[in-house]
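# only geometry, no sequence info:
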Ligand SMILES: Nc1ncnc2c1ncn2[C@@H]1O[C@H](COP(=O)(O)OP(=O)(O)OP(=O)(O)O)[C@@H](O)[C@H]1O
Ligand SMILES: Cc1ncc(C[n+]2csc(CCOP(=O)(O)O)c2C)c(N)n1
Ligand SMILES: [Mg+2]
């Protein structure tokens, strides 16, 4: 007997979940969700296309983890708490082994981040995965791209360039030690959304974004939304041991324009710097918000021209 899309949904995704805030989950025309009156709903969707966002032959468990992590990263960047997700799957075939792995990877991460799958859509075609994420944030407290002010410090939550180095490794173009390989593979397939940071920065940061496309492009979004310019001091950028192994040009290229890092980049005014320092998290101050527009980089005081600012699908 051949199995259809309804069997697929029942067998791999329609788990009984007694999840908070879900009045009605998978199985009807819509899910019904309950949002406390003091909270706003934060919603975002990201699509991952085979061989554009992940290698088509990657293990399905890891593909699911990556899809969830990169989508949740946008909620973290807004300071929202993850609550619910929907999943749109386009699959070339009904491959039970692939689905079993994907479903296990997906539910391992929904459990880790405390969110539940409440619906989705399943179609046949070239492999692509869209995860819509929904979170809640106290009214008026979301971190936005707009709000950076001249005089703010520019910070990142952790090392940059891992995404680009990890992609080179996954493609077999980079040789590293076994422990650095393990680190980079984890950064590629399970890029931790910075929920601790997003939450802690509410009331401290003037503006925030997650670094998905590349630092210069993503910081550029903060700058254009806020009507300011960014000055980045390259000698202050934090790198992992694996990225430090790259030559200088490749290292800065990876950090500035590689993308796939999913760190937060944010700005903090001088008056709230001590509150930032009191957090149990270590931020790296990499630059200053200045008057003007765009993002400029300097290396030890000298201008450092940027040839590429980040990933663009049609660039
Ligand atoms: N096709 C679309 N229709 C409507 N809005 C869109 C569309 N594509 C993107 N957007 C919106 O444009 C804004 C920027 O989207 P973008 O995808 O660049 O941000 P992002 O999700 O932070 O980046 P990334 O996809 O690299 O993680 C978001 O508010 C997004 O919702
Ligand atoms: C197999 C493979 N090839 C290339 C890349 C690099 N890449 C693809 S999309 C993107 C930006 C974020 O995407 P979006 O803007 O669509 O959210 C980056 C850095 C990858 N991750 N996997
Ligand atoms: Mg984003």
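That came through fine. This structure is a prediction, so every number in the text was calculated from the model and none was measured. Ligands and ions are numbered 1, 2, ... in the order given.
# Could you pull up the residues touching the residue of the stretch 201-315 of the chain found nearest ligand 2?
Evaluated by Cβ to the nearest ligand atom, the stretch 201-315 of the chain has residue 259 as its residue closest to ligand 2, separated by 3.2 Å. Just so you know, the C-beta spots here come from the backbone N, C-alpha and C atoms, and that holds for glycine as well. Neighbouring residues of residue 259 by Cβ atoms under 8 Å, 6 or more residues apart in numbering: 163-164, 211-214, 217, 310-311.
# List only buried entries from the residues you listed.
Among these, the ones that count as buried by 16 or more other Cβ atoms under 10 Å are 163-164, 211-214, 217, 310-311.
# Within range of ligand 3, give me the residues from the stretch 151-300 of the chain.
Within reach of ligand 3 by Cβ under 5 Å from the ion, the stretch 151-300 of the chain has these residues: residue 210.
# in the stretch 151-300 of the chain, what residue is nearest ligand 1?
residue 212 (3.5 Å).
# Which element, helix or strand, includes that residue?
For residue 212, there is no host helix or strand (DSSP states H and E).
# pLDDT value on it, please?
For residue 212, the model assigns a pLDDT of 97.
# Can you tell me, leaving aside adjacent residues, what's nearest to it?
Nearest non-adjacent residue to residue 212, counting by Cβ to Cβ, 6 or more residues apart in numbering: residue 259, 5.9 Å away.
# per-residue confidence at that neighbour?
On the pLDDT scale, residue 259 gets 96.
# Could you do residue 2 as well?
Here the pLDDT value assigned to residue 2 is 60.
# again, but for residue 17
69.
# So for stretch 144-161, mean pLDDT?
Predicted confidence along stretch 144-161 averages 98 (mean pLDDT).
# Buried residues, it. List them.
Residues of stretch 144-161 classed as buried: 144-145, 147-148, 152-161 (neighbour count, 16+ other Cβ under 10 Å).
# if we look at ligand 2, which of those are close to it?
Near ligand 2, taking Cβ under 6 Å from any ligand atom as the test, no member of these is found.
# Would you mind checking which of those residues is nearest to residue 298?
Nearest to residue 298 among the buried residues of stretch 144-161, counting by Cβ to Cβ, is residue 154 at 12.5 Å.
# So what does that closest one look like in phi/psi?
Phi and psi for residue 154, reported as degrees, to the nearest 10, are phi -100, psi 130.
# Wait, it touches residue 288, no?
Yes. In this structure, residue 154 is within contact of residue 288 by Cβ atoms under 8 Å, at 6.3 Å.
# Determine the residues that are contacts of both of these two.
Residues touching both residue 154 and residue 288 (Cβ under 8 Å, 6+ apart): 230-231.
# what sits against residue 167?
188, 258, 260.
# Out of those residues, who's the most crowded?
Among those, the one with the most neighbours (other Cβ atoms under 10 Å) is residue 258, at 28 neighbours.
# Not counting its neighbours along the chain, what's nearest it?
If the residues on either side of it in the chain are set aside, residue 258 comes closest to residue 164, at 2.7 Å by Cβ to Cβ, 6+ apart.
# Kindly state the pLDDT recorded for the one you found?
97.
# and it, helix, strand or coil?
Following DSSP: H, G, I helix; E, B strand; the rest coil, we place residue 164 in the helix state.
# Now do the same contact list for it.
253-255, 258-260.
# how about stretch 213-232, does it reach ligand 2?
Yes. Using Cβ under 6 Å from any ligand atom as the criterion, contacts between stretch 213-232 and ligand 2 involve residue 213.
# what about that stretch, how long is it end to end?
One end of stretch 213-232 to the other measures 17 Å (Cα to Cα, to the nearest Å).
# now it, how far from the chain's geometric center?
Here the centre of stretch 213-232 is set off from its chain's centre by 17 Å, with Cα atoms, centre = their mean, to the nearest Å.
# How about stretch 102-120?
That offset, for stretch 102-120, works out to 16 Å (Cα atoms, centre = their mean).
# contact partners of that stretch?
9, 12-13, 15, 17, 19, 22, 25-26, 30-31, 33, 60-65, 67-69, 72, 81-89, 133, 135, 190, 193, 195.
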